[in-house]
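need a 3D model of the sequence below.
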Amino acid sequence: MKQISLTLLLALAMLGAQAQRVTTTVSGTATGFAEGTLVKLFLFEPNQRDNTLLDSVKLADGRFEFKEISAEPSRFAAVVAVGSEESNLIFLEGGTVKVTCNAGATEKITVGGTPSNDALAAMSQECHPYAVALHEIAEKYEATSDEATKKKLQKEYMALQEVQDSIMRQHVLRHPDTHFAAFLLPQVYYNMQADELKRVLDLLPASSKNDARIKRIADQVERQGPTMPGKPYKDFELATPAGKPAKLSDYVGKHKLVLIDFWASWCGPCRADMPEVVQLYKTYRKKGLEIVGVSLDNKADAWQKAIGDLGITWPQMSDLQGWKCAAANLYGVNAIPATVLIAEDGTIVARNLRGEKLAQKVAELLP
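Below you'll find the predicted structure:
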């Protein structure tokens, strides 16, 4: 009797596991591809060089279909490849995914048919012009040896990249309850405000919350909790470039507004942003703004050289521990540049503002 009960329990467990899997059909058309072209479907492997082949079929009368592909809910990202060159991300989330391939089109492969794939298609269409422009800038960068031209192209590239990242962020915010959002979140979360990020994390599909990348982001949000807007600032002590001890409290309360600027000499976006920060300091210093730079450098000479090269004149401090920087860990910083604005009474008023948004907030607080 015990043997029967055990067998029954095992069978029920297997049925339960199968019930949790998601079955998706991928149906597509292809124009401009030769009859018999091989179409492959891969399971996306984010931490590996090669993806896992799920199935392959040949084009017949310009059509292909992968029937009832079964996958675990947490393994929802896949790649469909037509021939040896064209491929596109899709999401296996149940239902039927519609794939349209056109060898003569600007966008060779488009997808749709389910919420995540529809969201992906909308984002791809909006980002496409920027992706093309970024590719062209990258080619020009590789083709030139002139350093001035390289710097100009790098600045253009980063400006366009920021616009593209903003578009991706907006699409994630529009579809927070989809696998699309879960897939894109690790690429855009560092550009999101705390309330936005918390909302997305709360609304993500339950199955995606077991993803290691999502868990890391959730942990980051939890660590940032004590230093979010509305909370009192946390003091820290590091060393100045001259090697003398300095505390954040040396500045908070003595100025109307203190900006902590987390940066590093090796950080390209930090260096690109610095002219704007320099201008911000010139404009608002006499109105009560102080900036405290916290460097995530490991080498004192590189840090000190960057201070001079970039025209930084505000107080600087570091423990030269890179990503193990005590201040960065205290404030839950996991990407730079990162900023924290602190009012005269020690209350944190904003986090992670850059560029125009940072200037607007400072102007609002120091009219």
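
quick one: low-confidence ranges for the stretch 1-150 of the chain?
Along the stretch 1-150 of the chain, the parts satisfying pLDDT under 70 run over 1-20, 47-48, 73-74.

which stretches in it count as helices?
Using DSSP state H, counting those that start in this stretch, the helices of the stretch 1-150 of the chain run over 2-20, 115-143, 147-174.

and what of the stretch 201-350 of the chain?
Ranges of helices in the stretch 201-350 of the chain, per DSSP H, counting those that start in this stretch, are 212-224, 268-284, 300-309, 326-330.

ok so, going back, the helices of the stretch 1-150 of the chain: which one's closest to Lys256?
Closest to Lys256 of the helices of the stretch 1-150 of the chain is helix 147-174 (CB to CB; 28.8 Å). (Glycine included, C-beta is placed from N, CA and C.)

quick check on the residue most central in space within the chain: phi, psi?
In the chain, the residue lying closest to the centroid (CA atoms, centre = their mean) is Gln187, at 2.1 Å. Main-chain dihedrals, Gln187, degrees, to the nearest 10: phi -90, psi -20.

domain-wise, how is the chain divided?
Domain assignment of the chain by automatic domain parsing yields the ranges 22-109, 123-226, 228-365.

chain center to the shortest one: distance?
Domain 22-109 sits 25 Å away from the centroid of its parent chain (CA atoms, centre = their mean, to the nearest Å).

i'd like the first residue to be 668 from this point on
Fine by me, first position is 668 from now on; the one you just mentioned is domain 689-776.

quick one: end-to-end distance for it.
24 Å (CA to CA, to the nearest Å).

go on, stretch 852-868?
With CA to CA applied, stretch 852-868 spans 9 Å between its terminal residues.

in terms of contact, does Asn830 touch Ala798 like I think?
Let me fix one detail, which is that residue 830 is Val and not Asn. No - the pair Val830 / Ala798 is not scored as a contact, 11.1 Å apart, by CB atoms under 8 Å.

re the thing from before, which of the helices of the stretch 668-817 of the chain sits closest to Asn718?
Closest approach to Asn718 among these is made by helix 782-810 (16.9 Å; CB to CB).

of all the residues in that closest one, which ones are buried?
For helix 782-810, burial by neighbour count (16 or more other CB atoms under 10 Å) applies to 782-788, 790-791, 794, 797, 801, 804, 808.

and the residues you listed, which two are furthest apart?
Spatial extent of the buried residues of helix 782-810 (CB to CB) is set by the pair Pro782 and Tyr808 at 37.5 Å.

re earlier: turn the helices of the stretch 868-1017 of the chain into CSV, including mean neighbour count, distance to Gly910 and mean pLDDT.
Below are the helices of the stretch 868-1017 of the chain laid out as CSV (neighbours: other CB atoms under 10 Å; distance: least, CB to CB, whole Å; pLDDT from 0 to 100):
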stretch, mean neighbour count, distance to Gly910, mean pLDDT
helix 879-891, 15, 29, 85
helix 935-951, 17, 23, 93
helix 967-976, 15, 9, 96
helix 993-997, 18, 16, 94
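
for Gly750, which of those is the nearest?
Among those, the nearest to Gly750 by CB to CB is helix 879-891 (30.4 Å).

for that closest one, list the C-alpha coordinates in CSV.
This file holds the C-alpha atoms of helix 879-891, laid out as CSV (Å, rounded to 0.1, in the frame of the first residue of the first chain):
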residue,chain,number,x,y,z
ALA,A,879,19.0,35.6,-10.7
ARG,A,880,19.2,39.0,-12.4
ILE,A,881,15.8,40.1,-11.1
LYS,A,882,16.8,38.9,-7.6
ARG,A,883,19.9,41.0,-7.7
ILE,A,884,17.9,44.1,-8.7
ALA,A,885,15.3,43.5,-5.9
ASP,A,886,18.2,43.1,-3.4
GLN,A,887,19.6,46.4,-4.7
VAL,A,888,16.3,48.2,-4.2
GLU,A,889,16.1,46.8,-0.7
ARG,A,890,19.6,48.0,0.1
GLN,A,891,18.8,51.5,-1.2
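
that one - contacts with which helices or strands?
If contacts are counted by 3 or more CB pairs under 8 Å, 6 or more residues apart in numbering; DSSP states H and E, helix 879-891 sits against helix 846-855, helix 861-870.

look up which residues are beta-bridged to Ala745.
Beta-bridge pairing of Ala745 under DSSP bridges involves Leu710, Ile757.

for Glu732, see how far away it is.
To Glu732, Ala745 is 14 Å away according to CB to CB, to the nearest Å.

looking at these two, which is more packed in?
Legend: neighbour count by other CB atoms under 10 Å for Ala745 and Glu732, higher for Ala745 (23 against 13).

is it true that the more buried one touches Ile757?
Yes - counting by CB under 8 Å, Ala745 does reach Ile757; the two are 5.2 Å apart.

overlap in contacts of those two?
Here Ala745 and Ile757 share the contacting residues Val693, scored by CB atoms under 8 Å, 6 or more residues apart in numbering.

reformat the helices of the stretch 868-1017 of the chain as TSV; add distance to Val766.
Formatted as TSV, the helices of the stretch 868-1017 of the chain follow (distance: least, CB to CB, whole Å):
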stretch	distance to Val766
helix 879-891	26
helix 935-951	35
helix 967-976	47
helix 993-997	43
